[in-house]
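**Student:** Just the structure for this:
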Amino acid sequence: MINLRQEESSTDEIGKVPRSPSLEDQEIMQDEDMAVDETCTPWADLVDKSVMKDLSPMEIKRQEAIHELVHTERTHLKKLKTLYYVFYIPLQSSKHLTAAKVEGLFPHLLKIIEIHRYVLRGMRERYNQCQMHEETRGRLTSIGDIMLGLFDSQLGEELIEACSEFVSNQTSSLEFIKATRSKSKDFDRLIQRCEAKPICSRLQIGALMSTVMSRLTKYPLLLEKLLKYTDENDPDHVFVENALDASKEALIEVNEQVAVSENQQFLKEIQRKLDTSPLEKAALQLQETKNFSLIADGRELVYDGHLSWRIVKNRTTNVYALLLSDVLVLLEHNEDKDKYLLKPRPDPNIKADRSPIVTFRDLLVRDVATDGKAFFVLSTSSGGPQIHELVAHTVTERETWILKLREAADAWKRGEKNGGTGQRVTLERRRKSTPEKLVEPPCAIDSEEDVLETEPETTVQIQERLRRQTDFIARALEKKMSLMQRLRDSLSIGPDQPEVNCPSQPEQEDLVQEPVVGMSSKILRAVEQADVITGLVNQLPISNQGSMEEDTVQQPNYSLLQVVTC
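**Tutor:** Next up is the predicted model:
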């Protein structure tokens, strides 16, 4: 038992008499969960040598892994209770915050504590059962079913829900505490006194709160180690294996829920700084721009980043792009006022405005043949077709944007077919490291040697390569048809004009005239063949998600694309 009386025999301020243990200090001293030592003593040093002599080296390592799992569970519960005793209770008792506000700072803390107490109690009961038999004395023979119950049961659902909300609110809770400390000296002194308690082991409130998420990330590592030293014939093997899978799934689910929450908080912050006045004053008035809100019901952030919006060849605007679950939004940041502007941009080529809001209706995303970092986004707004040319910072970023746009648009279309607002795309927590590098777009059709030299590709990457090849072929055929048509028009060749045969040994003048007359039928046949091939290419089934179902087939609208490529 930690001697908290001696440790707490300190002074609040220099020169004052040492204070007696407070009510929460006395409660801490009576709680056996707070008596665990942070240092993990090796299992071999805790058991009698006679216990180890009949064990195989693998079993000894397995017992060490079980001991580490149990010990870290105890220390984790201690940190959770430290957060409760040292911060939660004093803040509840103080005049600075209401009880509801304190609960909001530490959502579901008591439930998380109770769940881990329940798991630790199961471990202790299992250990006591093993001590009743001579052959298992000093050991814990099985623990997989207990860990499986933590994740793959009603208990696991409660843990995921509680941890998700706690972690999601952690950043805002710490920001609130920091802001309140700067405004109130009394509140600041209260937090300082709490953090100075020896039981905190010099950990501040933020470090203690972060243990909720860090513990979830450690479970798969601990269970992998345990599985490594558990024989396949051991009855506990299947439980440990299933517990490992369940712990990974729980971590993924918590991360996804935290991502949704953090992204919603981020959208609220951008919405607070959003200036729609340029959109309201513009001549362009579209249905999707009226009363526009980033935080409309069901709207989620899928991806974000900086792009350049190219209106004409030599004029671009830096924008902050937000890919939401149903639209792409292009914002201009006014740094002086810290505002995000929804601002249409006039296009002199069409004498109309380009909307900063791109809907997913009839959305197509295509490469720009002359710029490896640029891509076209073609869609249909309530005012008609819209074409946006966007430029990324790198080729990899462009590929990521293209992939994310297609995934989001497909999810939205499936949701529309099902009568909903859309289906959720796999979300990422904002500000992650560089996205996974995708396959570089080919400047021409890859040779077989090039394909063989690349690293093994996933099904999605292979189908993405096929998509780009199809797009490349289609654009090449479009350009070929256009050039042939221009050649035919410039030479005034009609479809019914008779062909003149060339002499067997033509003079120089005859060679010059051959394209004018002798090649007329060849050009016409080539144009007809190009039409047929283009039609076949347009009928190829293309799926963004690697699925070949009929409802996800996307037929490229090359009549609209001709405006760009020809």
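
**Student:** element containing residue 316?
**Tutor:** The secondary structure element spanning residue 316 is strand 315-324 (assigned by DSSP states H and E).

**Student:** Check what pLDDT the closest residue to residue 195 other than its chain neighbours gets.
**Tutor:** With Cβ to Cβ, 6 or more residues apart in numbering as the measure, residue 204 is the residue that lies nearest to residue 195, at 5.2 Å, once sequence neighbours are left out. For glycine as for every other residue, the C-beta is placed from the backbone atoms N, C-alpha and C. Confidence at residue 204, expressed as pLDDT, is 94.

**Student:** burial measure for residue 204, as a count.
**Tutor:** Neighbourhood size, residue 204 [other Cβ atoms under 10 Å]: 13.

**Student:** what's the following helix or strand after the strand holding residue 316?
**Tutor:** Scanning forward in sequence from strand 315-324 by DSSP H and E, the next helix or strand is strand 327-334.

**Student:** Any chance you could list what contacts that next one?
**Tutor:** Around strand 327-334, the neighbours that count as contacts under Cβ atoms under 8 Å, 6 or more residues apart in numbering are 270, 274-275, 288, 294, 307, 309, 317-322, 339-343, 356-360, 377, 388, 405.

**Student:** The residues you listed, buried ones only, as a ChimeraX selection?
**Tutor:** Restricted to the buried members of those, where burial is judged by 16 or more other Cβ atoms under 10 Å, the ChimeraX selection command reads as follows:
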select :270,274,275,294,307,309,319,321,322,340,341,342,343,356,357,358,359,360,377,388,405
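
**Student:** Among the contacts of strand 327-334, which ones are in strands?
**Tutor:** Secondary structure assignment by DSSP state E places 274-275, 307, 309, 317-322, 339-341, 357-359, 377, 388 of these in strands.

**Student:** any idea where the strands of the protein begin and end?
**Tutor:** Counting by DSSP E, residue ranges of the strands within the chain are 274-275, 301-312, 315-324, 327-334, 339-341, 345-347, 352-354, 357-359, 364-368, 371-381, 384-391.

**Student:** Show me the shaky parts of the stretch 351-500 of the chain.
**Tutor:** Low-confidence regions of the stretch 351-500 of the chain, defined here as pLDDT under 70, cover residues 351, 382-383, 417-465, 468-469, 471-472, 474-476, 478-479, 482, 485-486, 488-500.

**Student:** try 80
**Tutor:** Within the stretch 351-500 of the chain, the stretches falling below the threshold (pLDDT under 80) are 351-353, 381-384, 416-500.

**Student:** Please spell out which residues along stretch 213-225 are buried.
**Tutor:** Across stretch 213-225, burial judged by 16+ other Cβ under 10 Å covers 213, 215, 216, 218, 219, 220, 222, 223, 225.

**Student:** residues contacting the fifth one?
**Tutor:** Think residue 219. 147, 151, 247, 250, 251.

**Student:** Give me the nearest residue to the last one, chain neighbours excluded.
**Tutor:** Think residue 251. Excluding the flanking residues, the one nearest residue 251 by Cβ to Cβ, 6+ apart is residue 216, at 5.3 Å.

**Student:** need the contact list for that neighbour.
**Tutor:** Residue 216 touches 163, 247, 250, 251, 254, counting by Cβ under 8 Å, 6+ apart.

**Student:** how about a cut-off of 10 Å?
**Tutor:** Counting by Cβ atoms under 10 Å, 6 or more residues apart in numbering, residue 216 makes contact with 151, 159, 160, 163, 164, 167, 247, 250, 251, 254, 255.

**Student:** Tell me the spacing between the closest residue in space to the fifth one that isn't next to it in sequence and residue 138.
**Tutor:** With Cβ to Cβ, 6+ apart as the measure, residue 257 is the residue that lies nearest to residue 164, at 3.9 Å, once sequence neighbours are left out. Computed with Cβ to Cβ, to the nearest Å, the distance linking residue 257 and residue 138 is 41 Å.

**Student:** Can you give me the distance of residue 381 to residue 355?
**Tutor:** Distance check for residue 381 against residue 355: by Cβ to Cβ, it reads 6 Å.

**Student:** who has more neighbours, the two?
**Tutor:** When residue 381 and residue 355 are compared for neighbours, residue 355 comes out ahead with 25 against 19, by other Cβ under 10 Å.

**Student:** give me phi/psi at the more buried one?
**Tutor:** Torsion angles at residue 355 (phi, psi; degrees, to the nearest 10) stand at phi -80, psi 140.
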